[in-house]
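S.K.: Can you look at this prediction? I've put the sequence above it.
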Amino acid sequence: MKRRRFLQTAACCLPMVWSAFAQARETPAAWPFFAFDNGVGRGVWPATKQAETVKNLGYDGIHYNYTNPKDFASKIAACKAAGVPIHAMYVYTFLGKPGAAYDPGVKDAIRMLKGSNTIVMVTLREGKRGQQDSEAAGIVTEIAALAEASGLKVTLYPHAGFYVSNAEEAVRIAKLANRPNVGVTVNLCHELFAGNADRMDEVLKTATPYLNLVSINGASPVPNKGPKAWDTLALGSGTYDVEAFLRKLRDTGYRGPVGHQFFAVQGDDMEKLTHAIQAWKPMKARVLSGAPDDKQAARP
């Protein structure tokens, strides 16, 4: 009798157990960490080496600049073979070029990415700052429609000197585009270059409703050059407190992808990649667990 009751109880509980197990498997890990290809032998290493390198080092994926459909197809194939997600595809767009705002091959690349979780990372270049928002929003809306047909999201990627140079400007254009699959990136490197080192709370508050990608790196201010002058370094180097930034990011509730921007980071690519991932793993663990950072722990 006891055995029968046990079996009946177990039979009742199993669906709940399997349901919980399935939900746990379907819950994505917070902050999947990917490498920008400008630190993964861009233009030198074949796509197979790029994919295998980031996988072996422990990255969760890679980013690629769009080049042309044929080249991008080879990158997709190499990443699929290695089991490495392409987290983002970087696309240049240009204001003031009606009918030619971006390479037409971008449409083919977006179709090839159908069914992936790749985010189409859009930059908006040239134009008269703040005076061509309608045109900028039109470009974004067009790309967003293409991305939506492939089940993809779009992020507006701020870049120093471009029409959209920081996250707050990106939010302005995202609001005008008003597409559900359009979000923005908080790009640490370019926020620093915008002079926002001491405004990260404000920047994150504005960006959070639209935030779907973050990029980080190590950094140090350049002495006597003002608040907009920074050296870009591999994570784990520099005097800027990236861990404090990540704690602010955690508190927004953001749990999406985080990429490492390697542009202008000097040194051997393999060494930079290794240094960055070795710094990232314990930093992420401390931040998401709520543990004090090393600097806090050292204080009396």
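M.R.: Ah, there it is. Residues are numbered from 1 along each chain as shown.
S.K.: pLDDT of the longest strand that the chain contains, averaged?
M.R.: In the chain, taking DSSP state E as the definition, the longest strand is strand 86-94. The predicted model gives strand 86-94 an average pLDDT of 97.
S.K.: then the helix or strand following that strand to CSV, C-alphas only?
M.R.: Next helix or strand after strand 86-94 toward the C-terminus (DSSP states H and E): helix 105-112. Output in CSV follows, covering the C-alpha atoms of helix 105-112 (Å, rounded to 0.1, in the frame of the first residue of the first chain):
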residue,chain,number,x,y,z
GLY,A,105,23.7,43.1,-49.9
VAL,A,106,22.7,43.7,-46.3
LYS,A,107,19.2,42.5,-47.3
ASP,A,108,20.7,39.1,-48.3
ALA,A,109,22.7,38.9,-45.1
ILE,A,110,19.6,39.5,-43.0
ARG,A,111,17.8,36.8,-44.8
MET,A,112,20.7,34.4,-44.3
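S.K.: can you state the direction angle for the longest strand of the chain and helix 105-112?
M.R.: 160 degrees (axes from the mean of the first three to the mean of the last three C-alpha atoms, to 10 degrees).
S.K.: can you list contacts of strand 86-94?
M.R.: 32, 34, 60-66, 72, 75-76, 79, 100-103, 106, 109-110, 113, 116-127, 139, 143, 155, 157, 213, 257, 259 (C-beta atoms under 8 Å, 6 or more residues apart in numbering). (Each C-beta comes from the backbone N, C-alpha and C, glycine too.)
S.K.: Figure out how far it is from the centre of its chain.
M.R.: Put simply, strand 86-94 sits 11 Å off its chain's centre (C-alpha atoms, centre = their mean, to the nearest Å).
S.K.: now swap in stretch 38-45 and tell me
M.R.: 18 Å.
S.K.: what does stretch 122-142 give?
M.R.: Offset of stretch 122-142 from its chain centre (C-alpha atoms, centre = their mean): 21 Å.
S.K.: Need the residues that contact stretch 279-288.
M.R.: Identification of contacts with stretch 279-288 by C-beta under 8 Å, 6+ apart yields 30-31, 33, 58, 218, 234-237, 242-243, 246-247, 250, 260, 291-293.
S.K.: from the residues you listed, which ones fall inside strands?
M.R.: Filtering those for strands - DSSP E - leaves 33, 218, 260.
S.K.: is it true that the second one touches residue 235?
M.R.: In this case it means residue 218. Yes. The criterion here is C-beta atoms under 8 Å, and residue 218 meets it with residue 235 at 5.0 Å.
S.K.: Give me the common contacts of these two.
M.R.: Joint contacts of residue 218 and residue 235 (C-beta under 8 Å, 6+ apart) are 242, 276, 279.
S.K.: Among the contacts of stretch 279-288, the buried ones, what's the ChimeraX command?
M.R.: The ChimeraX command for the buried members of the contacts of stretch 279-288 (criterion: 16 or more other C-beta atoms under 10 Å) is given here:
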select :31,33,218,234,235,236,237,242,243,246,250,260,293
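S.K.: mind listing the helices in the stretch 1-150 of the chain by residue range?
M.R.: Using DSSP state H, counting those that start in this stretch, the helices assigned to the stretch 1-150 of the chain run over residues 2-26, 47-57, 69-82, 105-112, 133-149.
S.K.: Select from those helices the stretch with the lowest mean pLDDT.
M.R.: The minimum mean pLDDT among these belongs to helix 2-26 (a mean of 38).
S.K.: Where does pLDDT dip in this structure?
M.R.: Residues of the chain meeting the criterion pLDDT under 70: 1-28, 293-300.
S.K.: Kindly recompute the last result at 90.
M.R.: Along the chain, the parts satisfying pLDDT under 90 run over 1-29, 98-99, 126-131, 290-300.
S.K.: Just want the angle from the longest strand of the chain to helix 47-57.
M.R.: Angle of strand 86-94 versus helix 47-57, following the same axes, to 10 degrees, is 130 degrees.
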